[in-house]
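J.: Quick one, what's the 3D model for this:
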Amino acid sequence: PKVNRYQTNVVAYLRGRGIDTDLIEFCLNTGRVYESQYHHNAVFVGMDQTGKPRYAALRGIGTDFIGEASGSDKNYSFSIAAEGMSDTVHLFESAIDLLSYATMRKMDGENWRAEHLLSLAGVYQPAKEMEKSKVPAALTRFLGEHPEVENVALHLDNDRAGRLATQAIRTVLPGKYKTRDEPPTKGND
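T.: As a prediction, the model looks like this:
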């Protein structure tokens with residue numbers, strides 16, 4: 001989608017979701033997040049290694065709309081690679097989950113850019129026989145581009161879909177990767 005001249009609505013949306021201002025600015029400045037011109041959706045952009053946009057998740061601001069831009073390639077879902085070398089990638093169901101995690105790391109005084117962060121652009125229904133499931137396309141691509149990764153931290157939701165997807169990924173991910181299940185904690189709200 002075309003970029004809106006002003007990013008007021010998307011900034012307000014992300015702030016309203018509790019996302020740290022520095023993270024919002026980083027995402028706006030790197031083209032990872034913007035507000036679409038016509039529908040004023042939040043757009044979360046996934047890029048290839050050259051920085052070319054290849055995927056766009058759309059989230060309605062003030063509506064329930066969730067979608068993907070036409071021609072999006074799920075191999076390149078929303079991500080933020082570590083600033084330097086990292087042997088760990090953290091997996092999330094959505095871009096907003098990724099940004100929430102990064103915000104919490106920053107609030108805890110940690111470097112939110114120390115490890116790779118990858119959104120899966122949703123989760124899938126595993127095969128009936130778990131071992132016949134497939135590794136998500138975005139994770140397969142990311143691991144191929146980051147051979148230094150040895151650890152995969154799964155931060156998928158506590159709902160049925162998230163738990164099944166976590167189990168499937170842990171089952172089918174090659175044995176050279178160490179996995180850990182770290183679902184989001186439930187809040188008091």
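J.: and A56, that one's in a helix?
T.: No. Under DSSP: H, G, I helix; E, B strand; the rest coil, A56 sits outside any helix and is assigned strand.
J.: Look up how far H116 lies from the nearest residue to it once chain neighbours are set aside.
T.: Closest residue to A56 apart from its sequence neighbours, by CB to CB, 6 or more residues apart in numbering: A69 at 3.7 Å. C-beta: built from backbone N, CA, C; applies to glycine. Using CB to CB, to the nearest Å, one gets 24 Å for the distance from A69 to H116.
J.: And these two? Which one has more around it.
T.: Higher neighbour count among A69 and H116: H116, with 24 against 15, using other CB atoms under 10 Å.
J.: For the more buried one, name its beta-bridge partners.
T.: V89 (DSSP bridges).
J.: phi, psi of the residue nearest the centre of the chain?
T.: Centroid-nearest residue in the chain, with CA atoms, centre = their mean: S119, separated by 2.1 Å. The phi and psi values for S119, taken as degrees, to the nearest 10, are phi -90, psi 140.
J.: How about it: what's its closest non-neighbour residue?
T.: Nearest residue to S119, sequence neighbours excluded (CB to CB, 6+ apart): F78, at 4.3 Å.
J.: Count the residues that sit near that neighbour.
T.: F78 has 28 neighbours, counted by other CB under 10 Å.
J.: residues contacting L118?
T.: For L118, the contact set (CB atoms under 8 Å, 6 or more residues apart in numbering) comprises 77, 79, 89-92, 98, 138-139, 142.
J.: and if you look at P184?
T.: So P184 contacts 97, 100-101, 155, 157-158 (CB under 8 Å, 6+ apart).
J.: Since that was my last question, I'll sign off now.
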